[in-house]
Structures are given as structure tokens and as C-alpha cells.
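**Q** sequence first, then the predicted structure, then my questions.
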Amino acid sequence: MEARSAAAGGPYQILVIPLLVEKNLGSNVDRVLVVDCEEQLQIRRLRARDGGTIEQAQAILDAQAPRAARLKAADDVIRNYADMSAIREQVATLHNRYLELAQQPRA
């Protein structure tokens, strides 16, 4: 993933690392972005996606780092509670912020 990122170019890259918090990999990246929603909404979405039971959805969540740990690790958070226009607005704001950060010298 590091080689692909280095070869990708562009002002910044976003790496999707599902177990970043669980594997304590945050020190390998400049910033951590978490897409967040409340647990009950996650369960509803998992059930809709997978067609599983509440217990199966809960087991998936239980295998992940707790929400509080993910939020604590985050430098940036996209709140995924609303419709796509609200998400797009948050993404656009973060994109502009990341472009600004990419122009700054690295420490």
C-alpha cells in the first residue's frame, strides 16, 4: 500500500485501512479520518447490507475497535448520519483542508 501511495502522485492520498485502530497503525499516516455514525444506525445498515440478524450485525461491531476508540484516534470525522448532500459537503470541506495541508512543509 505504501508503494502504491508513493506512486499515485497527487497532493494527497486517502488510504482505506479498516483495522487501523485495532492494529495501532495510526503512526504510519499523517492524519486519521473516521467516518462515524451511531451504533444503532450501523446495525441497521449492516442488516440491510448483509440480510443478517441483529446478533450477526452486533458480532461484526464487537470485532471492531469501539466507536470511542476510533473517534479518539481521529484527526478528522465525517458524520454519516444524514443524506448524501450533507456527506458531500463534509467531504468537500475536508478536501479543501487536505489541499491546504498538502501545501505545508512536512515536519
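**A** Cool, got the structure.
**Q** give me the residue at the spatial middle of this protein.
**A** By CA atoms, centre = their mean, the mean C-alpha position of the chain lies nearest to Val34, the distance being 3.1 Å.
**Q** list the buried residues in stretch 41-55.
**A** By neighbour count with 16 or more other CB atoms under 10 Å, stretch 41-55 contains the buried residues Gln42, Ile43, Leu46. C-beta here means a position set from N, CA and C on the backbone, and glycine is covered the same way.
**Q** the longest helix in the protein is where?
**A** Counting residues, the longest helix found in the chain (DSSP state H) is helix 84-103.
**Q** quick one: buried residues of that helix?
**A** Gln90, Leu94, Tyr98.
**Q** the one helix or strand Ala7 maps to: how far from the chain's middle?
**A** Assigned by DSSP states H and E, Ala7 belongs to helix 2-8. The chain centroid and the centroid of helix 2-8 are separated by 19 Å, computed with CA atoms, centre = their mean, to the nearest Å.
**Q** how about it as PDB, C-alpha atoms only?
**A** In PDB, the C-alpha atoms belonging to helix 2-8 read as follows (Å, rounded to 0.1, in the frame of the first residue of the first chain):
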ATOM      1  CA  GLU A   2       2.900   2.400   0.800                       C
ATOM      2  CA  ALA A   3       4.400   1.800  -2.700                       C
ATOM      3  CA  ARG A   4       1.100   2.300  -4.400                       C
ATOM      4  CA  SER A   5       0.500   5.500  -2.500                       C
ATOM      5  CA  ALA A   6       4.000   6.800  -3.300                       C
ATOM      6  CA  ALA A   7       3.500   6.100  -7.000                       C
ATOM      7  CA  ALA A   8       0.000   7.600  -7.100                       C
END
